[in-house]
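Q: Output the structure for:
(2 chains)
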Protein chains: 2
Amino acid sequence: MNRNQNLTTKPQVVIIGGGFGGLYTAQGLKNSPVDVKLIDKRNFHLFQPLLYQVATGSLSPADISSPLRVVLRDHHNAQVLLDEAVDIDPDRQQVILKDHEPIPYDMLIVATGVSHHYFGNDQWRTVAPGLKTIEDAIEMRRRIFLAFEAAEKETDPVQRQAWLTFVIVGGGPTGVELAGAIAEIAHSSLKGNFRNIDTTEAKILLIEGLDRVLPPYTPDLSAKAEKDLVKLGVTVQTKSIVTNITEDCVTVRQGEEIKQIASHTVLWAAGVKASGMGEILAERTGASLDRVGRVMVEPDLSLPNYSNIFVLGDLANYSHQGDKPLPGVAPVAMQEATYLAKLIPARLAGQTVRPFEYVDYGSLAVIGQNKAVVDLGFAKFTGLLAWMIWVWAHVYYLIEFDNKLIVMLQWGWNYFTRGRGARLITGEADIKPSRMTEIPNVPDKSLVAR
Amino acid sequence: MNRNQNLTTKPQVVIIGGGFGGLYTAQGLKNSPVDVKLIDKRNFHLFQPLLYQVATGSLSPADISSPLRVVLRDHHNAQVLLDEAVDIDPDRQQVILKDHEPIPYDMLIVATGVSHHYFGNDQWRTVAPGLKTIEDAIEMRRRIFLAFEAAEKETDPVQRQAWLTFVIVGGGPTGVELAGAIAEIAHSSLKGNFRNIDTTEAKILLIEGLDRVLPPYTPDLSAKAEKDLVKLGVTVQTKSIVTNITEDCVTVRQGEEIKQIASHTVLWAAGVKASGMGEILAERTGASLDRVGRVMVEPDLSLPNYSNIFVLGDLANYSHQGDKPLPGVAPVAMQEATYLAKLIPARLAGQTVRPFEYVDYGSLAVIGQNKAVVDLGFAKFTGLLAWMIWVWAHVYYLIEFDNKLIVMLQWGWNYFTRGRGARLITGEADIKPSRMTEIPNVPDKSLVAR
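A: Model prediction:
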């Protein structure tokens, strides 16, 4: 396939996954004497930390996506292949693709990330969607804004309140961001938009199993975040376990007490599990997986039995530093990518490389406009200053300058107008009927068969 | 439903359709002593003249969409109802909705527009999609950019050329815009993005049945447009009829000659027919339809037998001015809306109103960057000046200032970078296989059942 393949004997580095881990590795290898092939199912890199802003109508999908071919356009040793890796043959050193002949590698880097985890309750997937892909975000956006539309049409006050009740399961950063954004939608963005309902009567419930939101953070930041959420109009319910979700009801257990909450809009932010590539790697290489399917890696991110296969990012369980595995956040993936981009040419040159070491520059979580919490280790911030640090950090890392510019301007505009211009209800040609029980989970033929 | 309904005896004006005709009528009635209900299937107004820019990856859907509730937020006599009108009862003066009780009206305005027309070949719909909705545009965008991806993976040179062959059926404004934009994608936007193909080898064919492109324009402007298209790399084939379209071939007849063109990407810009509401109106009111299903209206846009039902925009055939019906373009719909917004309060006050009269300020069509044709009647422009008039006119009419700002900036950025940041391939979780014949037209369950 590669026209250069016959002319060169450069080592072949194959990367599966164009997220932070895979893409940053490909970029970091720009001047290395290797050929890089980046395989991804999608033709763009997704800036996942801002995906909740697409789900809540603030940004468009393209604002947080960068075409992989554009990012790697001037990386002449890199080739993008739009395809799905379905298997790995570690002994013949090949990646098996869905729609292409097998790709040989000298070094393989697997960075396929994670997907939602319903803890054995996969039937909740259709009634409580999670947030990992652009399609997920568009589906969440559709449900959130359709709920207000359905409430506007509903004459029965009990049903109306069910449409105006939003339950977010999981009090980690994504759950906190979603809850805060939905509260802002109800209290400011939709102000004056409806005639039959008062959107400020919406109930936004954030359910967390542990004793506080943002459990990885320090207790005082969690307390501040909760205070900010309450100020925005979110009801935070901790130490609570969701025991059932149906199309019109969420069952929550808090200690001995069991409550049924009538709601048509439940969003899942409670857990992730490793992508299927983890199991394939375990089966083919004998690598161990942790309880959410992440691959246990060596101190240099390689697999125990195959020193030429590396796993990084959310898919990797790196337990060689501190008493817990490194968290599944973008900075870890980026630093691992930088490490691998140095390790590969060094190893090819016969040099040894020190184990990977993560430098924690701190954690950020945003709650709403002017509201965030930032923990830099040596200092903690909340409120406006924290929010400004959050904005800066996110704009800084948006890969293309194009996106940075548009996102900054869109944010600036949203900031002053409290508007959400991207609140389109799309993706299904039909309108959701006013009773959730009528919503079919069958494909909409008018859309798909176009 | 309307909390005010019991308190008021204001005349009820019901508008079906939130396009240029419907939305501008609703806006124009802001200070009239009427209650306005605007019914639309979608929660946004779509700025259709720029839809081709979504289909070709220059703009995001939200850039050309304005939430109806935001546009009408400060129109306190207007209410938006997200629903589908499925029938009309002109004698009981009610609109029957899909998911809501019937809506009574004193005056009814129908502005539901048009959809694609395949001239009896509805089986072409799946292989040659048209461009009317956001979903249409995302599907076109997916096909255009996937075609280049498939070509990059294809080893057989004949198949590869078929992937690099784009056929646009119909040489009106939409066909010209699409052909020009795809030529720009192939020749500049994708430059340096691929490793196995030269995107400038793409063939872009524009097929037109009449003897020139842009048939409604003067012959010299048509000639100029064709020259510009050819300069961009488009092959223009006039006096040609498409006789068959399959998944991998288009059959074209030019006089006696019949040609088969191997192509996997055929885009339909050849014809429209009235939306189904036309037939309902004909059946219920005895109104006449023209051969594409448009409703024949009286000089005041009302129906012959029902002076309180009005039809405007693309759905109306207005034949009381000139020797042809008024064209289906946004300016006609906007002027008709302005007319109705004056007629309604005048008629309620017992005044008579003069027949509608369209003022033709000219026609515009864009071919590519710095390339457009403009006919203002008293003067004609081509090239850069025409393009600047086109840009100004379109930004001016984008309803919300938000959109105007973002679109201007996005265009400014695209202008200098020749980039297309919105070229995401989304909407189907799976990648199209490298042979078109394997592409199923069945719904993708992984996407829909989320």
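
Q: Close to chain B: what parts of the stretch 151-300 of chain A are there?
A: For the stretch 151-300 of chain A, the residues in contact with chain B (C-beta under 8 Å from any C-beta of the partner chain) are A:Glu152, A:Lys153, A:Thr155, A:Leu190, A:Gly192, A:Asn193, A:Phe194, A:Arg195, A:Asn196. To be clear about C-beta, it is placed using only N, CA and C from the backbone, and glycine gets the same treatment.

Q: Most widely separated two among the residues you listed?
A: Pairwise distances across these peak at 21.5 Å for A:Thr155 and A:Gly192 (criterion: C-beta to C-beta).

Q: Show me how to select, in ChimeraX, the buried members of the residues of the stretch 151-300 of chain A next to chain B.
A: A single ChimeraX command selects the buried members of these (16 or more other C-beta atoms under 10 Å in any protein chain shown):
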select /A:152,153,190,193,194,195,196
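
Q: State the distance from A:Gly419 to chain B.
A: For A:Gly419, the distance to chain B equals 6 Å [C-beta to the nearest C-beta, to the nearest Å].

Q: which residues touch A:Pro327?
A: For A:Pro327, the contact set (C-beta atoms under 8 Å, 6 or more residues apart in numbering or on different chains) comprises A:Pro216.

Q: that older thread, and the residues of the stretch 151-300 of chain A next to chain B, which of them are in helices?
A: The helices, defined by DSSP state H, take in A:Glu152, A:Lys153 from these.

Q: Same list (the residues of the stretch 151-300 of chain A next to chain B) but as CSV, adding pLDDT.
A: Output for those, formatted as CSV (pLDDT from 0 to 100):
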residue, pLDDT
A:Glu152, 95
A:Lys153, 93
A:Thr155, 92
A:Leu190, 93
A:Gly192, 91
A:Asn193, 94
A:Phe194, 96
A:Arg195, 95
A:Asn196, 95
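
Q: Tell me where the model's unsure across chain A.
A: Scanning chain A for pLDDT under 70 picks out the ranges A:1-8, A:400-404, A:427-450.

Q: and it, what are its domains?
A: A:12-41+A:83-116+A:273-348, A:122-270 (automatic domain parsing).

Q: in the stretch 201-350 of chain A, which spans are strands?
A: Using DSSP state E, counting those that start in this stretch, the strands of the stretch 201-350 of chain A run over A:203-207, A:234-237, A:240-245, A:249-254, A:257-262, A:265-268, A:272-274, A:295-296, A:309-311, A:316-317.

Q: Name the stretch among the ones you listed that sits most buried.
A: strand A:309-311 (a mean of 28; mean count of other C-beta atoms under 10 Å in any protein chain shown).

Q: wait, A:Gly18 sits on A:Leu38?
A: Yes. Contact criterion C-beta atoms under 8 Å: A:Gly18 and A:Leu38 qualify, at 5.8 Å.

Q: can I assume A:Asp300 is in contact with A:Ala346?
A: No. Using C-beta under 8 Å, A:Asp300 is not in contact with A:Ala346, being 10.4 Å away.

Q: out of those two, which sits in the more crowded spot?
A: Higher neighbour count among A:Asp300 and A:Ala346: A:Asp300, with 17 against 14, using other C-beta atoms under 10 Å in any protein chain shown.

Q: Find residues that contact each of A:Gly18 and A:Leu38.
A: A:Ala26, A:Leu68, A:Val80.

Q: a markdown table for these, including neighbour count and distance to chain B?
A: What follows is the shared contacts of A:Gly18 and A:Leu38, written out as a markdown table (neighbours: other C-beta atoms under 10 Å in any protein chain shown; distance: C-beta to the nearest C-beta, whole Å):
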| residue | neighbour count | distance to chain B |
| --- | --- | --- |
| A:Ala26 | 27 | 13 |
| A:Leu68 | 24 | 9 |
| A:Val80 | 28 | 8 |
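
Q: Can you name the helix or strand that A:Ile168 falls in?
A: strand A:165-169 (DSSP states H and E).

Q: what packs against that strand?
A: Secondary-structure packing of strand A:165-169 (3 or more C-beta pairs under 8 Å, 6 or more residues apart in numbering or on different chains; DSSP states H and E): helix A:173-184, strand A:203-207, strand A:257-262, strand A:265-268.

Q: Now flag whichever of the shared contacts of A:Gly18 and A:Leu38 is closest to A:Gln369.
A: When these are compared against A:Gln369 (criterion: C-beta to C-beta), the nearest one is A:Leu68, at 32.0 Å.

Q: ok, now how distant is that closest one from A:Thr112?
A: Using C-beta to C-beta, to the nearest Å, we find A:Leu68 at a distance of 15 Å from A:Thr112.

Q: before we move on, what about A:Glu208?
A: For A:Glu208, the distance to A:Thr112 - C-beta to C-beta - is 28 Å.

Q: what does A:Gly421 give?
A: Using C-beta to C-beta, A:Gly421 is found at 33 Å from A:Thr112.

Q: so A:Tyr358 makes contact with A:Val332?
A: Yes. Contact criterion C-beta under 8 Å: A:Tyr358 and A:Val332 qualify, at 5.9 Å.

Q: Give the intersection of the neighbour lists for those two.
A: Jointly contacting A:Tyr358 and A:Val332 under the rule C-beta under 8 Å, 6+ apart are A:Tyr318, A:Leu326.

Q: Neighbour count: the two, which is higher?
A: Ranked by neighbour count (other C-beta under 10 Å), A:Tyr358 and A:Val332 place A:Val332 first, with 22 against 16.

Q: Just give the closest residue to that one, not the sequence neighbours.
A: A:Leu326 (4.8 Å; C-beta to C-beta, 6 or more residues apart in numbering or on different chains).

Q: Report the separation between A:Thr9 and A:Gln93.
A: 15 Å.

Q: Between those two, point out the one with more neighbours.
A: A:Gln93 (19 against 8).

Q: elements contacting the helix or strand containing A:Phe416?
A: Remark: A:Phe416 resides in helix A:401-417, with elements defined by DSSP H and E. Contacts defined by 3+ C-beta pairs under 8 Å, 6+ apart place helix A:401-417 against strand A:65-67, helix A:383-397, helix B:401-417.

Q: what angle sits between it and helix A:383-397?
A: Put simply, helix A:401-417 runs at 160 degrees to helix A:383-397, going by axes from the mean of the first three to the mean of the last three C-alpha atoms, to 10 degrees.

Q: Report the contact partners of A:Phe44.
A: A:Phe44 makes contacts with A:Gly18, A:Ser65, A:Ser66, A:Pro67, A:Leu68, B:Arg423, B:Leu424, B:Ile425, as judged by C-beta under 8 Å, 6+ apart.
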